[in-house]
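Trainee: predicted model and sequence below, questions to follow.
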Amino acid sequence: MVNDNISTPTLDKVLEVRGLGKVYGNGCPHCFDLTGPEHDTNICPRCGSVVAAHNLSFDLCRGEILGIMGESGSGKSTAVKALYFDEAPTCGTAVFYDQGNAYDLYALNAAQQRQLRNQRFGMVYQNPVLGLNFNVSAGGNIAERLLMSNLSHYGEIRQRATTLLRRTEVLTQRMDELPKNFSGGMQQRVQIAKALATNPPLLLLDEVTTGLDLSVQAAILDLIMEIQQELGTAMIAVTHDLGVIRLLAGRTLVMKYGRVIESGLTDQILEDPQHAYTQRLVASAL
C-alpha cells in the first residue's frame, strides 16, 4: 500500500475534499467569475471552457452516505470521477484516511493511485460497460479485481467470488456466464460485487439506478443500505433522483453548473429547501 502520509487522520474520517475543481479547456482568468448558477451557464463566454466543478469541499466519515444531487451537467459525476482517478482535477485537494495513514490523492504518482483505486476504492457506474469487462464471466470480473490486490490462489478467488455474488443476490450458477447475458439490474449487482471484492472503505456510486425498472431500483437500493449497515462502508451517491437521495443519504450536496448551491442534512434540504433551484427540484418530484 502507498505510504505518503501527510497528517494524523481524524477518527473515523475517510475523506476530506477541499476546493476540488475541474475545467475542460484551456481556461482563462474569467472562467470562474463568468460561470455558475448566477450566470445560468458553466461555459465561459470569454474562452469557451467548461467549468464542470468549482470549489467543491466536504468531509466523509466511516459508515456515512453522502448524496450529491443535481441535474445533468451540474458537475456531480465529475466529482466522483476525479476521486476515482478517472479524471484529473484542475485544482483542489483530496485526502484519503485509511488504516492509520493519510494520503494526498493528487500528490501520489500514477502507480500509487492505481493501487488505491484497485484495493481501497470501489466504483459502480451508471453504465455497467464502464465497470465490467464484458469479455469475461461475472466471476472473472471479480477475479480480475482480486488479482490486482495480490490474491492469487484460484480456490480462494473462486470462493470469494461465490460469496460476493451470493451476497448481491446473483445466482452462483451464473458465475461463469458473460455479463452481456444479464439484465441491467443483474449487471449492476455484479458491478457492486466486483467493487466490494477488496472490502474497500470507500464506495462511489454514480447514478446506479438510472434506467432500471422501479422494482429493480428498490432492490439495488436495499442492497446498498444493507452493505452500508453491515460493513460500515463510506459512500458517495451521485444521482438526480430525489427518492434515491431521501432513502440513502444522511447528508446531501446540491449542485448546479459546477457549484454547490446548498448542503446539509438530507431531511432538512428536502423538507425545507432554501435555494430556489433546490425548491424547484423538490417540487418537481412531488
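Mentor: Noted; the coordinates are in hand.
Trainee: thought L66 was touching L56, still the case?
Mentor: No - counting by C-beta atoms under 8 Å, L56 stays clear of L66, with 11.5 Å between them. To be clear about C-beta, it is placed using only N, CA and C from the backbone, and glycine gets the same treatment.
Trainee: what's the span of stretch 142-157, first residue to last?
Mentor: 8 Å (C-alpha to C-alpha, to the nearest Å).
Trainee: which of the residues in it are buried?
Mentor: Of the residues in stretch 142-157, I142, A143, E144, R145, L146, I157 count as buried by neighbour count, 16 or more other C-beta atoms under 10 Å.
Trainee: could you check how far Q159 is from L151?
Mentor: 11 Å (C-beta to C-beta, to the nearest Å).
Trainee: you'd agree M255 is up against S77?
Mentor: No - between M255 and S77 there is no contact under C-beta under 8 Å: 9.9 Å.
Trainee: domains in the protein, by residue range?
Mentor: 13-120+201-285, 130-199 (automatic domain parsing).
Trainee: using TSV, lay out the ones you listed together with mean pLDDT.
Mentor: Below are these laid out as TSV (pLDDT from 0 to 100):
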stretch	mean pLDDT
domain 13-120+201-285	96
domain 130-199	93
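Trainee: name the helices or strands packed onto the helix ranked longest in the chain?
Mentor: As assigned by DSSP state H, the longest helix anywhere in the chain is helix 214-231. Under the contact criterion of 3 or more C-beta pairs under 8 Å, 6 or more residues apart in numbering; DSSP states H and E, helix 214-231 touches helix 184-195, strand 234-239, helix 242-248.
Trainee: now A193: how far from R114?
Mentor: Distance from A193 to R114, by C-beta to C-beta: 21 Å.
Trainee: burial count for the nearest residue to T162 once chain neighbours are set aside?
Mentor: Once flanking residues are discounted, T162 sits nearest to T172: 5.2 Å by C-beta to C-beta, 6 or more residues apart in numbering. Residues lying near T172 (other C-beta atoms under 10 Å) number 14.
Trainee: surely T172 touches Q159?
Mentor: No - counting by C-beta under 8 Å, T172 stays clear of Q159, with 10.7 Å between them.
Trainee: can you say which of the helices and strands packed on helix 214-231 is nearest to H275?
Mentor: helix 242-248 (14.3 Å; C-beta to C-beta).
Trainee: contacting residues around M186?
Mentor: V170 (C-beta atoms under 8 Å, 6 or more residues apart in numbering).
Trainee: how about A249?
Mentor: A249 neighbours (C-beta under 8 Å, 6+ apart): I65, L66, G67, A237, T266.
Trainee: can you tell me which of those residues is nearest K180?
Mentor: The closest of the contacts of A249, once distances to K180 are taken by C-beta to C-beta, is A237, at 26.3 Å.
Trainee: what about the helices in the stretch 51-200 of the chain?
Mentor: 76-83, 110-119, 128-131, 138-148, 154-167, 184-195 (DSSP state H, counting those that start in this stretch).
Trainee: residues in contact with the residue nearest to T162?
Mentor: By C-beta under 8 Å, 6+ apart, T172 lies in contact with T162, L165, R166.
Trainee: quick one: which of the residues you listed has the most company?
Mentor: Counting by other C-beta under 10 Å, top hit in the contacts of T172: L165 with 22 neighbours.
Trainee: tell me the contacts of that residue?
Mentor: Contacts of L165 (C-beta under 8 Å, 6+ apart): A138, G139, I142, L171, T172, R174, M175, R189, V190, A193.
Trainee: ok, it to M255 distance?
Mentor: 34 Å.
Trainee: which stretches of the stretch 1-150 of the chain form strands?
Mentor: 13-24, 50-61, 65-69, 91-98, 101-104, 121-124 (DSSP state E, counting those that start in this stretch).
Trainee: burial count for S183?
Mentor: S183, neighbours per other C-beta under 10 Å, totals 11.
Trainee: ramachandran coordinates for it?
Mentor: phi -70, psi 170 (degrees, to the nearest 10).
Trainee: how about it: what's its closest non-neighbour residue?
Mentor: V216 is the one closest to S183 (C-beta to C-beta, 6+ apart), at 7.7 Å.
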